[in-house]
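> got a predicted structure plus its sequence, pasted below:
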Protein chains: 2
Amino acid sequence: MTQINPIPALKSSMAVATPDCAGCPIRHRAVCAKCEADELAQLEEVKYYRSFEAGQTVIWSGDRMDFVGSIVSGVATLTQTMEDGRRQMVGLLLPSDFVGRPGRSGAAYDVTATTEIVMCCFRKKPFEELVATTPHIAQRLLEMTLDELDAAREWMLVLGRKTAREKIASLLSIVARRSVLADQASLKDGVVFDLPLTREAMADYLGLTLETVSRQVSALRRDGVIQLDGKRKVMVPDMGRLMEEAGDDSDGGFLG
Amino acid sequence: MTQINPIPALKSSMAVATPDCAGCPIRHRAVCAKCEADELAQLEEVKYYRSFEAGQTVIWSGDRMDFVGSIVSGVATLTQTMEDGRRQMVGLLLPSDFVGRPGRSGAAYDVTATTEIVMCCFRKKPFEELVATTPHIAQRLLEMTLDELDAAREWMLVLGRKTAREKIASLLSIVARRSVLADQASLKDGVVFDLPLTREAMADYLGLTLETVSRQVSALRRDGVIQLDGKRKVMVPDMGRLMEEAGDDSDGGFLG
DNA sequence: GTATCGCCTTGACCCAGATCAACCCCATTC
DNA sequence: GAATGGGGTTGATCTGGGTCAAGGCGATAC
C-alpha cells in the first residue's frame, strides 16, 4: 500500500516556483515578519520538495505520514472510500493549502494528485518541535485549520441541501474564486479558469454521479451561465449570476 | 437579531457540575499538568458560566461573539440556513465540546440549545492573549480543531454518499458512542441513551426530511436494530449491528 | 373533562437524480 | 490510418426519498 516516491531532483521548469515556495505554510501565509527569518533558518534543513504526476497517489489513508507540507502548484484531493467503493472527496487542495496533521501519526484520507503537483514538505518531527516551541506557528496552524473547518462545514450545506445544479455552480464558484486570486486578475466581468477535475472527480466531490455532473454542466452552458472551451477551460461571464445559481446568500466578498 | 442572555446565577441543581467544569477546554481535556494551575489562575477571573433552556438560541450567525467556551452539560447544535429556509446542521455539540473561534470576531453559525445546557465561558480577549503566550494552549486548541475537522469530513461522507437508513444509523451510532463514554458504562451487549434531538433536528443534520427520518427510525425498530422507549429513549442491543447498518468500515475502537 | 399544541407517524403520489446503455471525441500507439 | 482507451455526452427508464395530506399521542391549559 505504502507508496512513497523518492524525493525527485527539482526539474528546471520548477526552479522558478520553488525558491519562493508560494505554498509554504510559514512563509507564504506569513506568521510574523519579526520571527520569520529565524523560523526559516530552523526549517530549511528539514524542508524539501516533492512532485507528483497527475493521477499519482501521494499517500493512502492509514499509512504512516512522516511529513507535513503544502501545495506549491497543481491540485490534489482528499478522498474517503467505503468498502463497497462509494467515494466522497472531503477536500480540494489548491496552491498554499496545508497537507498533514501535526500530532497525528497516520494519514486519515487518500491524497491524490489530480494534476501534476509540487509540494513543499517538512519532516514531521522537527516541524512538531517547532510548533511546540513557537506560539505563532501553532496559532497560524490553528488559523488555517479553522479555515479548513469552515470550508468543510460550508461543503456540508452543499452536500446535504443543494440541488445538483446548485452543487455544480458551487464547485465552479469556489474554483473560480481561488484560481482568480492566484492569478491576481481583475474581474467582475469575465473570469476564465481551468477546471482541474475530471467529471468523475467532480461527482465524488459533490455526491453525484458523473452522468448528472455532465448533464448539469451542459445545462449551465446552455443557459449561458458558463461557456466552455474544450472540456476543462471554463469562462464565467458573470460571477454574480454563477453565485446566484449556487444558492449563495452573499458574494463572499468576491465582488465590490 | 443579537440576543445575549444575562448571565444567570447558578441554580443549585448545577452546583454539583460546575465546580469541576467537566467541559472546560483547559481543565477537562487537560493541556499539561505542570502549567495547568497557572493557566487556571489566569483564567478564573475571566471565566464564567451561562445556561440556556431547550430551544434557546445561544448566538446567531454573524453576531459579534465576545466569548469562547465549552459545553458542560446538555446538547447544542450548529446550523447554517439558506435564504429560502433550507437548513443544514454542521455540528453537534456535546459535553466537553468547544464553542467559538479564537481569532474570529463573529459567529459563523447559529448555535442553538436543543436541551437545557450549561456552558463554561471565557471572555475572548484574555483567552486569546493566553493562547498567544502559551504554546500548549494553542496546541490543545489545534488538536481539538483537528478533531472537529475529522468529524466534519466524516459527516461529508454521510451526507454525500449514504442512504437514508445508513444516515440514521450513523447518527445513532455517533450519539451512542459519545453518550456511553460520558456515562463510563460498560457495554458490548446493550447500550441505552437519550436522543437529544427532535426528528426535525435529525433531518437537518442528515440532509433528509423529517418524514424520511421517522420512516427510517421505524424501519430500524421493525428490523430489531434498535428498540424505542417513548420517542427519545433508544436501546441498541448490538452496537456492531448498528455500525454495520451505518456502513462504517471499522468499529472506531468502540468494541473489542 | 376537552381543547390546544408540539411532535411524531403513516399513507399516497411524484420527481430529481441514479442506473443502464449507446455513442462521441480525440490523443496515443503500432 | 486503424485500433485502442480514457474521458465525456446523451437518452431511456427506474427508484429512493421528497411532498402533500391525514391522523395519532401525550403534555399542558382551562
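On my side now, so go ahead.

> what segments of chain A are strands?
For chain A, strands defined by DSSP state E occupy the ranges A:47-52, A:57-59, A:67-73, A:76-81, A:87-93, A:98-99, A:110-113, A:117-123, A:191-194, A:227-229, A:233-236.

> the fifth one and DNA strand C in contact?
No - with Cβ under 7 Å from any atom of the strand as the threshold, strand A:87-93 lies outside contact range of DNA strand C, at a closest distance of 11.7 Å. The way it works is simple: take the backbone N, C-alpha and C, and place the C-beta from them, glycine included.

> neighbouring strands for that strand, and are they parallel or not?
The partner list of strand A:87-93 in its sheet, established with DSSP bridges, is strand A:76-81 (antiparallel).

> follow-up on the earlier one: looking at the strands of chain A, spot the one closest to residue B:162.
When those are ranked by distance to residue B:162, counting by Cβ to Cβ, first place goes to strand A:87-93 at 9.1 Å.

> for the closest one, what is the distance to the chain centroid?
9 Å (Cα atoms, centre = their mean, to the nearest Å).

> also compute the angle for it relative to strand A:67-73, please.
80 degrees (axes from the mean of the first three to the mean of the last three Cα atoms, to 10 degrees).

> re earlier: can you redo the strands of chain A as JSON lines with mean pLDDT and mean neighbour count?
Formatted as JSON lines, those follow (pLDDT from 0 to 100; neighbours: other Cβ atoms under 10 Å in any protein chain shown):
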{"stretch": "strand A:47-52", "mean pLDDT": "89", "mean neighbour count": "19"}
{"stretch": "strand A:57-59", "mean pLDDT": "95", "mean neighbour count": "21"}
{"stretch": "strand A:67-73", "mean pLDDT": "91", "mean neighbour count": "22"}
{"stretch": "strand A:76-81", "mean pLDDT": "96", "mean neighbour count": "20"}
{"stretch": "strand A:87-93", "mean pLDDT": "97", "mean neighbour count": "23"}
{"stretch": "strand A:98-99", "mean pLDDT": "93", "mean neighbour count": "22"}
{"stretch": "strand A:110-113", "mean pLDDT": "96", "mean neighbour count": "22"}
{"stretch": "strand A:117-123", "mean pLDDT": "91", "mean neighbour count": "23"}
{"stretch": "strand A:191-194", "mean pLDDT": "92", "mean neighbour count": "18"}
{"stretch": "strand A:227-229", "mean pLDDT": "94", "mean neighbour count": "13"}
{"stretch": "strand A:233-236", "mean pLDDT": "94", "mean neighbour count": "18"}
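
> I'd like the ones you listed laid out as TSV, including distance to residue A:212.
What follows is the strands of chain A, written out as TSV (distance: least, Cβ to Cβ, whole Å):
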stretch	distance to residue A:212
strand A:47-52	29
strand A:57-59	26
strand A:67-73	28
strand A:76-81	18
strand A:87-93	15
strand A:98-99	30
strand A:110-113	22
strand A:117-123	28
strand A:191-194	22
strand A:227-229	17
strand A:233-236	18
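
> center of chain A, which residue is that?
To find the centre residue of chain A, average its C-alpha atoms and take the closest one (Cα atoms, centre = their mean): that gives residue A:93, at 1.6 Å.
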